[in-house]
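Colleague: Model the following, please.
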Amino acid sequence: LAFCRGRIVRVPKGPLTRVVGTEVSIPCSVSDYDGPSEQNFDWEFSRDTDFVRIVSTWDSTFTSEEYQKRVGRGDIKLRRSSNDAVELVIRNIQPADQGRYKCSTPSTDATVQGNYDAEVQVKVISDGLSVSGSKARSSTFLRLSEGDSFKLRCSAMTTSPEHTHLHVTWQIKSGSSWQDILSLTHEGKFQSGPGYEERYRSGDIRLDTGANDTYRLSVSQASSVDAGSYRCLVSEWVRGADGSWQKIQEKSVEIASVSIQLTDVIISTSNVSVTERDSLDLTCNITTDRSGIFQAEVMWYFSASPDDTLSDAQLLLSMDHDSVVSDSTLISLSHVDRNSYRLLVRDVDVEDSGYYFCEAAIWVPLHNGSWHKVVERTSTPVSVVVTALEPDYDVFLNASKTPKFSDDPTELNCRITNVQDIEANIRFSISWYYRQHLPSDDVVTEELLACMDADWTLLLGDRGRERIQNGEIILSKKSADTFSLRIQWTSESDRGDYFCVISAWSRHRNNSWVKSKDVTSASVYIFWATQDYTLTVEAVKLKPFFVAGHTFEMTCKVSSKNIKTPRYSVLITAEKPLTDQSNPNGTTRIISLNQDSVVRLEDWTDQTRVDGVVLEKVQENEFRYRMYQTQISDAGLYRCVVTAWSPGGGGMWREAVNGLSNPIQIDFQTSGPVFNVSVHSDSPTIYQGEVADLLCIITMDGMPLEPDDMSFDVSWFAVRSFALDREPVLLASLDRRGVVTQSRRNGSSDLSLERISPLEFRLRVHGCEDHDFGNHYCVVTPWVRSTTGVWQREPDIKAKPIFLSVKMDVLNAFKYPLLIGIGLATVIGLLSCLIGYCSSRWCCKKEVQETRRERRRLMSMEMD
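Modeller: Alright, predicted model coming up:
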């Protein structure tokens, strides 16, 4: 293929048949060439044997003398279509131009390969095509009505000596350009123009052939788009040597101008406003210039929006072309004259407001006696507003009960007065609103409490929903013209403006209720003067001097102001010294008595004195607190915390104000011993698995005591950190009766706690682990027996912590793993050697026979 490649010059395969007087275009192209992309072309012509030069793209002196005038006038020219293609154009070709045309290209190739010219035969035939329209003068202009039918005729024939085919196209011109309607192609096929496909399939547009080479266009159901000028365009086609069809000439003739008179449908009345219960009168007028026999079909529609389509609108009434009217009770349709139809709606209602429009269709009779619909139009919607008959009434709101204190009831009555022009089909409902009252001019949005619809169904607002459901707000209708709102227990948040809205509802023909009017009452301001609650609490110590073991007694007297029927709850608290380890915060809640006189122990944890504290109500405003067998640890400041309660809604109590009494001090003057505590360990650093010994040593200063007159509660704690920044963990405790209590442990180590002397206690940690490290300390609670035989508890004493460090014994940790590893390795090595020896001795043994070799000496070359 590479060796066969070369320049190729192409022209159409001839002969080319053309009609005299037409314009001829002969293309020529070149491919597979070297050199510049833009190629030059030379054209020559020959009738017999010699070629005459016509025109060239690159040499202006190429044209011969006999063609210079035609080339100069532009009758013959070259039209370049691309860098490698041109067209020879000959305008008004004549029989003398029949012959052979040669297209050549000057060489730009490095080597001469391929063909550099090509020839084509052009045959010129006479013009035998004739096109004409109808000879009747009346057919040049047609004035039709919308929906009519019309026909146009065109005659076309050819006397060409060649075998040619005709292509007939009907066109319309409604603007500045012609548009195809329907064609009969040169191949005998019908082809509809753009926009006429559906009408062609339905048969409204047809193209028929008749005698004497006539072509008839038939149009049914004429509309506004069919108005314009019509022409018949005929082209002549011939089949070329390559089998393709070529158009050789084209002629047209204008046939007629058609105008369409449109049919219009209008409603004589524009926007209408009528009063409820009156009649609505609308007329639909049909405008048409038809003079023949026709009948109209009219349909009236109603829609809520002017943009609704017929499918969305409601059909009110209809009259067909036989003047048969559909049945309706309150709506009638009558035929006023030939082109007018009247719609009458009696006893209109508010729901009849909307948009009304009519749809009209024109029917004409056919030859077979049937009727045919030719046109259909819809009017512009007309707006109809029905004004409701509003009732006339006033609304008055008053407060029959107003609160003087919080939780008092409030009752509002909303009455309908001065009622006039009220029909039997009117019903009233109410809506209650609340608005916060502000002294300034700030705008406050009202809040809906509740409302009733036309069926008197109660609808709750967000503000009053929960209270109405709980029965705290009651809505009722006392009489036909009075509505009531009652708040059972009024609170401060209920203070503000209240007003009611009375709505009038009218019943329509379909028994539905529609709101016709709202009247708002004047607002009523709910307010009562309030003063700040005042509560005074005084604590009195009944016995000014007492010693440990005696009973402590004090009373709390309460007085209040501006509180309605108060009740009191009392809480006794004690502020212990900061040295008391049982309560680091300093304040202890001991016992309480609520407003219903129910007593409860709060933070009293002394199990030996569960019944040692008593709180009772002496009078309505006086309470007494007693503490039996007081101990030194009970020293501190005691107070009464009193809360005043007032009755709230639904039998509930509402907290009003709190009060705190003056402090009463319990202080014991004693000259007893002073105890000190320390922690000691002989070896604070130990290894894992060893035993850690910790000693809690108690020393005593001052007056000595017998061992039987003192006892101790000892508790051991640990802080698992270096800096004491974590919560302490209880390890074990030993009470004064000798009972040991241990906390739950997660590790494998164990604890033991014992008393080794009257003033020494030892804690042992057996099998220490790494998580047993940390700061360890003990807390001691001394108990001393007084001269009366009563045991007194002394304040807790905390020892200074000692840090216990647990180390790991590396040799002991790795000793057993190393011995086990060496032993296993030795056993496995010996076993491997034994298996190898047995396998080589008995399992893989083979008998090898040695091949005997002959011993021969080489023979010397002289003896060969």
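Colleague: got a list of what the residue lying closest to T378 once chain neighbours are set aside touches?
Modeller: Leaving out its chain neighbours, the residue that sits closest to T378 by CB to CB, 6 or more residues apart in numbering is E359, at 4.6 Å. No exception for glycine: its C-beta is placed from N, CA and C like everyone else's. By CB atoms under 8 Å, 6 or more residues apart in numbering, E359 lies in contact with 265, 298-299, 301, 310, 376-379.
Colleague: who's E359 bridged to?
Modeller: Beta bridges link E359 to M299, T378, judged by DSSP bridges.
Colleague: And for A118?
Modeller: Bridge pairing for A118 - DSSP bridges - gives C103.
Colleague: and it, how many neighbours?
Modeller: Counted by other CB atoms under 10 Å, the residues lying close to A118 total 18.
Colleague: For it, give its distance to R239.
Modeller: Distance, A118 to R239, by CB to CB, to the nearest Å: 21 Å.
Colleague: cool, and A361?
Modeller: With CB to CB as the criterion, A361 and R239 are 51 Å apart.
Colleague: who's more crowded, those two?
Modeller: A361 (21 against 15).
Colleague: tell me which element that one is part of?
Modeller: Using DSSP states H and E, A361 sits in strand 354-365.
Colleague: Give the buried residues for that strand.
Modeller: Buried residues in strand 354-365, counting neighbours by 16 or more other CB atoms under 10 Å, are found at 354-364.
Colleague: Among the residues you listed, pick out the one closest to P673, please.
Modeller: Comparing those against P673 with CB to CB places G354 closest, at 105.5 Å.
Colleague: hang on, the earlier thing: now, which of the buried residues of strand 354-365 sits nearest C154?
Modeller: Nearest member of the buried residues of strand 354-365 to C154, counting by CB to CB, is V364, at 27.6 Å.
Colleague: all helices of the stretch 101-250 of the chain, in order?
Modeller: For the stretch 101-250 of the chain, the helices defined by DSSP state H, counting those that start in this stretch cover 197-202.
Colleague: pLDDT weak spots in it?
Modeller: 135-139 (pLDDT under 70).
Colleague: One more: the stretch 501-650 of the chain?
Modeller: Short version for the stretch 501-650 of the chain, where the test is pLDDT under 70: 509, 545-547, 577-585, 649-650.
Colleague: Can you show me the strands along it?
Modeller: 513-520, 524-526, 534-541, 552-561, 567-575, 587-593, 599-601, 613-619, 622-627, 636-647 (DSSP state E, counting those that start in this stretch).
Colleague: Which neighbouring elements make contact with the fourth one?
Modeller: Yep, that's strand 552-561 we're talking about. Contacts defined by 3 or more CB pairs under 8 Å, 6 or more residues apart in numbering; DSSP states H and E place strand 552-561 against strand 534-541, strand 622-627, strand 636-647.
Colleague: right, and these - which one's nearest Y393?
Modeller: strand 636-647 (41.0 Å).
Colleague: and the angle for that closest one with strand 622-627?
Modeller: Strand 636-647 runs at 150 degrees relative to strand 622-627, counting by axes from the mean of the first three to the mean of the last three CA atoms, to 10 degrees.
Colleague: other SSEs contacting strand 636-647?
Modeller: Against strand 636-647 (3+ CB pairs under 8 Å, 6+ apart) you get strand 534-541, strand 552-561, strand 567-575, strand 622-627, strand 653-660, strand 664-666.
Colleague: and the last one, what other elements does it pack with?
Modeller: Secondary-structure packing of strand 664-666 (3+ CB pairs under 8 Å, 6+ apart): strand 534-541, strand 636-647.
Colleague: Can you say which of those strands is packed in most?
Modeller: Counting by mean count of other CB atoms under 10 Å, strand 636-647 has the highest mean neighbour count of those, with a mean of 20.
Colleague: Pull up the pairing partners for that strand, direction included.
Modeller: According to DSSP bridges, strand 636-647 forms sheet pairs with strand 567-575 (antiparallel), strand 653-660 (antiparallel), strand 664-666 (antiparallel).
Colleague: quick one: which of those is nearest E187?
Modeller: strand 653-660 (101.9 Å).
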